[in-house]
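# Output the structure for:
(chains A and B)
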Amino acid sequence: DAKTTQPTSMDCAEGRAANLPCNHSTISGNEYVYWYRQIHSQGPQYIIHGLKNNETNEMASLIITEDRKSSTLILPHATLRDTAVYYCIVRGGNQFYFGTGTSLTVIP
Amino acid sequence: GAVVSQHPSWVICKSGTSVKIECRSLDFQATTMFWYRQFPKQSLMLMATSNEGSKATYEQGVEKDKFLINHASLTLSTLTVTSAHPEDSSFYICSAPDYPQETQYFGPGTRLLVL
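Residues are numbered from 1 along each chain as shown, chains lettered A, B, ... in the order given. Next up, the predicted model:
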């Protein structure tokens, strides 16, 4: 079962930073936080993952709170192509269990 | 990142027929692959774990005799929907982890429509 809670939907103005929150209050010490996004009718696309430290790559930044009970995915300059459903996943073992995700709409 | 392909991308079949969907890891080997199903406006639901050289493990509530999984090589897993019915119409997606990073990479999905 999914161990995460995310807002159902969010809007973001084009060019602004999009901050997508995720709660994972029952996360265990060795469980990673992964973020994926799914554009309509496509397979999920990997964005970023982390354990304890904040992470950054060419797509996004991941901020994990010190107690690891929540995290935030940051898209620094949202574009219209970033409109998608964003999934926050806590990986325990090999399986990924998807929650309901956040539907992000980037507005021109 | 690693690439996972699926074939076919979409299929339409008559009720009662069987449909096979292929999932391939193109530039890496995968001893484990995963199959998901997604209904419209819903999230992905994990159906089963495909294990190379051994039996698949199914999530609770998924009929193993209806959704046959074969993982014959380190780059190929197949899902066969047997005696498909309209309620099996869905978007089927596979994934494979790229060890040692263990990031899962997803295929583009296969849309099945059973008439």
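# What's the end-to-end length of stretch B:103-115?
Terminal residues of stretch B:103-115 are spaced 36 Å apart (Cα to Cα, to the nearest Å).
# quick one: that stretch to chain centroid distance?
Relative to its chain's centre, stretch B:103-115 lies at 7 Å (Cα atoms, centre = their mean, to the nearest Å).
# cool, stretch B:2-18 as well?
On Cα atoms, centre = their mean, the centre of stretch B:2-18 falls 9 Å from that of its chain.
# do stretch B:69-84 as well
The answer for stretch B:69-84 is 7 Å, by Cα atoms, centre = their mean.
# Report how far apart the opening and closing residues of it are.
For stretch B:69-84, the first-to-last residue distance is 15 Å (Cα to Cα).
# in it, what counts as buried?
B:69-71, B:75-79, B:81, B:84 (16 or more other Cβ atoms under 10 Å in any protein chain shown). Every residue, glycine included, has its C-beta placed from N, CA and C.
# Out of the residues you listed, which is nearest to B:Ser9?
Of all the buried residues of stretch B:69-84, B:Leu79 has the smallest distance to B:Ser9: 14.2 Å, by Cβ to Cβ.
# could you list every residue that touches the spatially closest residue to that closest one that is not a sequence neighbour?
Residue nearest to B:Leu79 in three dimensions, not counting chain neighbours: B:Ile21, with 4.7 Å by Cβ to Cβ, 6 or more residues apart in numbering or on different chains. When contacts are counted by Cβ atoms under 8 Å, 6 or more residues apart in numbering or on different chains, B:Ile21 touches B:6-8, B:11, B:78-81, B:92, B:94, B:110, B:112.
# Filter the residues you listed down to just the ones in strands.
B:6-7, B:11, B:78-81, B:92, B:94, B:110, B:112 (DSSP state E).
# what would these look like in JSON lines with pLDDT?
What follows is the ones in strands among the contacts of B:Ile21, written out as JSON lines (pLDDT from 0 to 100):
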{"residue": "B:Gln6", "pLDDT": "97"}
{"residue": "B:His7", "pLDDT": "97"}
{"residue": "B:Val11", "pLDDT": "97"}
{"residue": "B:Thr78", "pLDDT": "97"}
{"residue": "B:Leu79", "pLDDT": "97"}
{"residue": "B:Thr80", "pLDDT": "97"}
{"residue": "B:Val81", "pLDDT": "97"}
{"residue": "B:Tyr92", "pLDDT": "98"}
{"residue": "B:Cys94", "pLDDT": "97"}
{"residue": "B:Thr110", "pLDDT": "98"}
{"residue": "B:Leu112", "pLDDT": "97"}
